[in-house]
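**Student:** coordinates only, sequence not included:
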């Protein structure tokens, strides 16, 4: 029900903003409504989301890595699953990058409108992005000498590196000694997600205010860029769903893709309606054993791990969103070294992003800040995020099932000729 109200807020804010823009683009009334009413409301809503980034990303990434278990004990199935996940997630992001760099939806704004958009957020960011290092120094600075200072300065690459190392060390330490730490981090994660939920209750008002501000200042040109952005994300999801997954099923699992998609249609419908990989997990487990006839030990391990770590749709969405907003605010595509960093962060985002509706928004804000784009830019895409969330969740859970089929086939003993 909440997503419907967010859509209503998106439509109301857009229509009212366009009416004000067309009625009096230079009027004092418009300036008062934008500067004194809509803009402050939208900024408060965004600050509520952004203040959750550090605790949510850190706790989710540590728990995601620790949840993989000690690599020495996970064994062959775990290593195969991890290798498959990283490879397919990278392919998903590259598909999104190719579309975003080809169509360039964020470059459709005129220079004047882009300047107005920048003025809307300039000096109001809640993220103090550290100075960007270059060359060897950029690699050195990924390793933090003080993790708390990295968190205070929003040096998210350093924070994520610390979280990865912390999670690996946590998984390699006896559980009897680390359970209090795991319980604490799980508590932090649950509290952070509840804070996201509370903030999203204000989303209809916040989205209406943000879209009113943007369209009152920019008019219809912003909607053209948004429409192209939605098209690119959905096209990328479809290409990965029916292209990459079909190739993996055909060549790696020797399974006919059409038959597979017919068998998992119930899971896809559940994912589309709930927008949650976690909520779809019980259905996915049942379909894997009853329809796909996978061995329970393989299906349960791969699907449970995949609900958190194998989120190809989320990785693709995060990559395209960062490139789109960088084009929109900076007026050019990110250089290749920044795009490579976004690629790596998006793959990590598949591990560290919560498998619940809107769980990727704080992570996107973090990546935006890392590449020098105002993280408040996510406000522009919030109103249309629900339909994209539904689509990428379908890709996430379908990818988990494809991974389970591929791993199950590779684990079966070869047939012995009689």
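**Tutor:** Done, it's in. Keep in mind that what you see is a predicted model, and the values were worked out from it rather than measured.
**Student:** give the burial count for residue 179, as a bare number.
**Tutor:** Look at residue 179: counted by other C-beta atoms under 10 Å, it has 10 neighbours. C-beta coordinates here come from the backbone N, C-alpha and C atoms, glycine included.
**Student:** any idea how far residue 347 is from it?
**Tutor:** 29 Å (C-beta to C-beta, to the nearest Å).
**Student:** what separates residue 158 from residue 261, distance-wise?
**Tutor:** Counting by C-beta to C-beta, the gap from residue 158 to residue 261 is 42 Å.
**Student:** no no, residue 315
**Tutor:** For residue 315, the distance to residue 261 - C-beta to C-beta - is 21 Å.
**Student:** more crowded one of the two?
**Tutor:** More neighbours surround residue 315 than the other of residue 315 and residue 261, with 33 against 18 (other C-beta under 10 Å).
**Student:** and the pLDDT for the more buried one?
**Tutor:** You'll see residue 315 listed with a pLDDT of 89.
**Student:** show the subsequent helix or strand relative to the helix or strand hosting it.
**Tutor:** For residue 315, the host element (DSSP states H and E) is helix 312-330. The helix or strand immediately downstream of helix 312-330 is helix 336-352, counting by DSSP H and E.
**Student:** touching that next one from outside, list them.
**Tutor:** With C-beta atoms under 8 Å, 6 or more residues apart in numbering as the test, helix 336-352 has contacts from 57, 60-61, 64-65, 85-86, 89-90, 93-94, 97, 157, 160, 163-164, 308-312, 314-316, 318-319, 322-323, 326, 333-334, 360, 363, 367, 370-371.
**Student:** how does it look with 7 Å?
**Tutor:** 57, 60-61, 64-65, 86, 89-90, 93, 97, 160, 308-312, 314-315, 318-319, 322, 334, 360, 363, 367, 370-371 (C-beta atoms under 7 Å, 6 or more residues apart in numbering).
**Student:** wouldn't residue 57 be in contact with residue 363 here?
**Tutor:** Yes - counting by C-beta atoms under 7 Å, residue 57 does reach residue 363; the two are 6.1 Å apart.
**Student:** ok, residue 185 - contacts?
**Tutor:** Contacts of residue 185 by C-beta under 7 Å, 6+ apart are 59, 62, 63.
**Student:** could you dump the residues you listed to JSON lines with distance to residue 242 and secondary structure?
**Tutor:** Conversion of the contacts of residue 185 to JSON lines gives the following (distance: C-beta to C-beta, whole Å; DSSP: H, G, I helix; E, B strand; the rest coil):
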{"residue": "59", "distance to residue 242": "35", "secondary structure": "helix"}
{"residue": "62", "distance to residue 242": "35", "secondary structure": "helix"}
{"residue": "63", "distance to residue 242": "32", "secondary structure": "helix"}
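**Student:** out of these, who's the most crowded?
**Tutor:** Going by other C-beta under 10 Å, residue 62 tops these with 27 neighbours.
**Student:** which helix or strand contains residue 389?
**Tutor:** Per DSSP H and E: helix 385-411 holds residue 389.
**Student:** same check on residue 216?
**Tutor:** helix 203-218.
**Student:** tell me which residues are up against that helix.
**Tutor:** So helix 203-218 is contacted by 5-6, 8-10, 12-14, 16-18, 20-21, 30, 34, 38-39, 41-42, 45, 113, 116-117, 120, 222, 379-380, 382-383 (C-beta under 7 Å, 6+ apart).
**Student:** please state the offset of that helix from the chain centre?
**Tutor:** In terms of C-alpha atoms, centre = their mean, to the nearest Å, the centre of helix 203-218 is set 22 Å apart from its chain centre.
**Student:** the helix or strand just after it vs helix 203-218, what angle?
**Tutor:** With elements assigned by DSSP H and E, the helix or strand that comes after helix 203-218 is helix 221-239. On the basis of axes from the mean of the first three to the mean of the last three C-alpha atoms, to 10 degrees, helix 221-239 is oriented at 120 degrees to helix 203-218.
**Student:** could you pull out the strands for the stretch 151-300 of the chain?
**Tutor:** Shown for the stretch 151-300 of the chain, no strands are assigned by DSSP state E, counting those that start in this stretch.
**Student:** which stretches of it have low pLDDT?
**Tutor:** 156, 218, 273-274, 278-279 (pLDDT under 70).
**Student:** for residue 146, give me phi and psi.
**Tutor:** phi -140, psi 100 (degrees, to the nearest 10).
**Student:** if you could redo that for residue 202, that was the one I meant.
**Tutor:** According to degrees, to the nearest 10, residue 202 has phi -90, psi 0.
**Student:** which residues does it contact?
**Tutor:** Residue 202 neighbours (C-beta under 7 Å, 6+ apart): residue 45.
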